[in-house]
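In: The following comprises the amino acid sequence and a computationally predicted model.
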Amino acid sequence: MRDRIPDIIEANDKRKPRTKKLSPKAFKFELRKKLLEEASEAVRAKTPKVLAEELADVEEVVNALCKVYNIKRSTVTKIQKSKRAKRGGFAKRVFLIN
């Protein structure tokens with residue numbers, strides 16, 4: 001969960017939520033699960049505003065994953081550009097039918 005969520009819960013609900021600090025291995029695993037959760041919420045977004053908020057959450061998780069795996073965002077961007085050059089992007093709205 002985001003770092004300040006326990007404080008927000010405590011301020012709003014006047015209760016102290018139970019938390020624990022994860023090991024590095026568990027944290028990496030939970031971040032990957034969080035990525036799926038946030039991506040799923042983006043899929044279900046009903047408006048462009050909500051989609052933008054969910055994409056911001058996806059970006060936050062991606063940033064955290066890059067940090068814990070010591071991956072530079074510039075490396076991700078470089079790989080993204082390389083894949084786009086080789087495989088294309090999504091501009092043409094192509095859908096593969098099996």
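Out: Perfect, I can see it now. Numbering: from 1, shown residues only.

In: what about the protein, any weak spots by pLDDT?
Out: For the chain, no stretch has pLDDT under 70.

In: could you show me where the helices are in it, in order?
Out: 5-13, 24-44, 48-68, 73-87 (DSSP state H).

In: can you redo those helices as CSV with mean neighbour count and distance to residue 93?
Out: Heads up, the C-betas are built off the backbone N, CA and C, glycines and all. Formatted as CSV, the helices of the chain follow (neighbours: other CB atoms under 10 Å; distance: least, CB to CB, whole Å):
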stretch, mean neighbour count, distance to residue 93
helix 5-13, 11, 37
helix 24-44, 13, 17
helix 48-68, 14, 17
helix 73-87, 10, 15
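
In: of these, which approaches residue 95 most closely?
Out: Closest to residue 95 of those is helix 73-87 (CB to CB; 14.7 Å).

In: coming back round to it: make CSV out of the helices of the chain and add distance to residue 96.
Out: Converted to CSV, the helices of the chain look like this (distance: least, CB to CB, whole Å):
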stretch, distance to residue 96
helix 5-13, 39
helix 24-44, 18
helix 48-68, 23
helix 73-87, 12
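
In: looking at these, which is closest to residue 97?
Out: helix 73-87 (17.6 Å).

In: who touches the closest one?
Out: Helix 73-87 has contacts (CB atoms under 8 Å, 6 or more residues apart in numbering) with 62-63, 66.

In: so who does the residue positioned nearest the centre of the chain touch?
Out: Nearest residue to the geometric centre of the chain (CA atoms, centre = their mean): residue 58, 2.6 Å. Applying CB under 8 Å, 6+ apart, we find residue 58 in contact with 35, 38-39, 42.

In: Need the nearest residue in space to residue 30, chain neighbours excluded.
Out: residue 22 (6.2 Å; CB to CB, 6 or more residues apart in numbering).

In: residues contacting the nearest residue to residue 6 once chain neighbours are set aside?
Out: Nearest non-adjacent residue to residue 6, counting by CB to CB, 6+ apart: residue 17, 4.9 Å away. Counting by CB under 8 Å, 6+ apart, residue 17 touches 5-6, 9-10.

In: Noted, bye for now.
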